[in-house]
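>>> next one to model:
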Amino acid sequence: MHFRRACLVLSLVLAAAVATAKPRARELGIPFDGTPGPLNAITDVAGVEVGHVTLISGEGKLDVGRGPVRTGVTAILPRGKDPHAAPVFAGVFALNGNGEMTGTAWIEESGFLEGPVLLTNTHSVGVVHDAVIAWSVRALGEKSPESLWSLPVVAETWDGVLNDIDGFHVRPEHVFTALDTARGGFVPEGNVGGGTGMVCYEFKGGIGTASRKLSAELGGYTLGVLVQANHGVRRQLTIAGVPVGREIGGGIRRFAGLDPNDPAAASIGETGSILIVIATDAPLLPHQLKRLTRRASLGLARTGAVSGNGSGDLFLAFSTANASAADTQGGPAKIEALSNEAMNPLFESTVEAVEESIVNALVAADTMTGRDNRTIEALPIPRLQEILAKYGRLVPVAAK
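You can find the predicted model right below:
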């Protein structure tokens, strides 16, 4: 146990160090619309905290139960770790439903998200779900037997290309650590947390984040996004309007066992998934937050995805405003809400931040070798910059 914890702490430190050292998409000269918040992360929304646990061990041939392990868990806490924190208004949307996000029936019914959001791999949803409840019981202490009622939100994408996904390597203590170490500020991206073993447009994918800050004239609100990107085929990848995937070439033809020149390879559809979590401090009602989640589809489409039949594209949005909305002690709740006519800047911010989050995930990720010595290459940054320059879309960094 002590060795496992030591490895866990080391993986967290290394993941943060790698993410800190690499330039993000804007710093590479990739152009994006909109004005980001100070951190260009979901944590620009005050009170939101993010924690990761990254599990990497073993190499070579798959030995179910022993590895190789390339997985993890990511926690997003809308109001931090206070077990008595008020619920937040929320909305959910499934662009394509070949995936799982637990707890959404109650969000649809009540309009509230109660507690954190956890992201992990497909076969770890159950253990993560149970662990979130156990973490809440521990946090509430003696009050938990009478006061705790929990339908946690746990969402997944499949990391079985690189990870021993049937080995069930995510354990309750990993979930506890992700929740306990969650914090505001800098958010590591790429091969971290739930995104550790994920593949995006057949390059190494994972966690990405971005934010937008509206001007004072538009309310001064902040909107942040975090994605777990595990979707798309190479030929679809579009960055800044440029067909980057087609320019680089390769991809699904190799994984499908087809000759690169076989025309049949072009007909193979998308089978991956993406999770998108949107946070804002704008005072929005549940139906308005659902409207935001639908706009996430447009940001996803800007990067080339079509949400194929086999994809699980599940989106959630929440608002940290209206902290007293769930108060049942004082009669009718007093709620503030934007008019629908005032939502256009938030729609635009959602599209922009989702697009940038996905590209940030690609840029942050490193080449990874996992089960059966499969290697997923990182997006080649010099080649990306060369392609963008060819199309007149590379922005001189000093001029940004």
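
>>> where does the protein dip in pLDDT?
1-21, 142-147, 252-271, 330, 398-400 (pLDDT under 70).

>>> and the helices in it?
Along the chain, counting by DSSP state H, helices occupy 2-21, 104-110, 125-140, 144-147, 172-180, 244-248, 252-255, 286-302, 344-364, 381-390.

>>> show residues contacting the last one.
Spelled out, that is helix 381-390. L28, G29, I30, I239, A240, V242, V244, E247, I248, V363, L394 (C-beta atoms under 8 Å, 6 or more residues apart in numbering). Where you see a C-beta, it was placed from the backbone N, CA and C, and this is true even at glycine.

>>> let's see that with 10 Å instead.
The contact list for helix 381-390 (C-beta atoms under 10 Å, 6 or more residues apart in numbering) reads 22-23, 25, 28-31, 203, 237, 239-248, 359, 362-363, 380, 393-395.

>>> hey, which of the helices of the chain is tucked in deepest?
Comparing these by mean neighbour count (mean count of other C-beta atoms under 10 Å), helix 344-364 comes out on top with a mean of 26.

>>> which strands and helices sit next to that helix?
Applying 3 or more C-beta pairs under 10 Å, 6 or more residues apart in numbering; DSSP states H and E, we find helix 344-364 packed against strand 199-200, strand 203-204, strand 206-213, strand 222-230, strand 273-280, helix 286-302, strand 312-319, helix 381-390.

>>> okay, angle between the longest one and strand 273-280 too, please.
With axes from the mean of the first three to the mean of the last three C-alpha atoms, to 10 degrees applied, the angle from helix 286-302 to strand 273-280 works out at 130 degrees.

>>> how about the third one?
Interaxial angle, strand 206-213 versus strand 273-280 (the same axes, to 10 degrees): 30 degrees.

>>> how about strand 206-213 as PDB, C-alpha atoms only?
Output of strand 206-213 as PDB, limited to C-alpha atoms (Å, rounded to 0.1, in the frame of the first residue of the first chain):
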ATOM      1  CA  GLY A 206      -6.900  13.500 -22.700                       C
ATOM      2  CA  ILE A 207      -7.800  16.400 -20.500                       C
ATOM      3  CA  GLY A 208      -8.100  20.000 -21.900                       C
ATOM      4  CA  THR A 209      -9.500  23.200 -20.500                       C
ATOM      5  CA  ALA A 210     -10.200  26.800 -21.500                       C
ATOM      6  CA  SER A 211     -12.300  29.800 -20.400                       C
ATOM      7  CA  ARG A 212     -13.900  33.000 -21.700                       C
ATOM      8  CA  LYS A 213     -14.400  36.300 -19.900                       C
END
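
>>> and it, what does it pack against?
So strand 206-213, by 3+ C-beta pairs under 10 Å, 6+ apart, packs with helix 2-21, strand 49-57, strand 69-77, strand 199-200, strand 222-230, strand 273-280, helix 344-364.

>>> now the ones you listed in CSV, with distance to T303?
Formatted as CSV, these follow (distance: least, C-beta to C-beta, whole Å):
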stretch, distance to T303
helix 2-21, 20
strand 49-57, 22
strand 69-77, 20
strand 199-200, 9
strand 222-230, 9
strand 273-280, 10
helix 344-364, 5
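
>>> quick check: the gap between P380 and E247.
As judged by C-beta to C-beta, to the nearest Å, P380 and E247 stand 11 Å apart.

>>> quick one: contacts for the residue sitting nearest the centre point of the chain?
Central residue of the chain (C-alpha atoms, centre = their mean): V227, 2.1 Å from the mean position. Applying C-beta under 10 Å, 6+ apart, we find V227 in contact with 42, 119, 157, 189, 195, 198, 200, 205-210, 274-278, 296, 299-300, 315, 353-361.

>>> same question, L95
274, 276, 293-294, 296-297, 300-301, 305, 307, 311-315.

>>> what sits opposite the closest residue to it other than its chain neighbours in the beta ladder?
Counting by C-beta to C-beta, 6 or more residues apart in numbering, L95 lies nearest to D313, which is 3.9 Å off, once chain neighbours are set aside. On the basis of DSSP bridges, D313 takes part in beta bridges with N96, I274.
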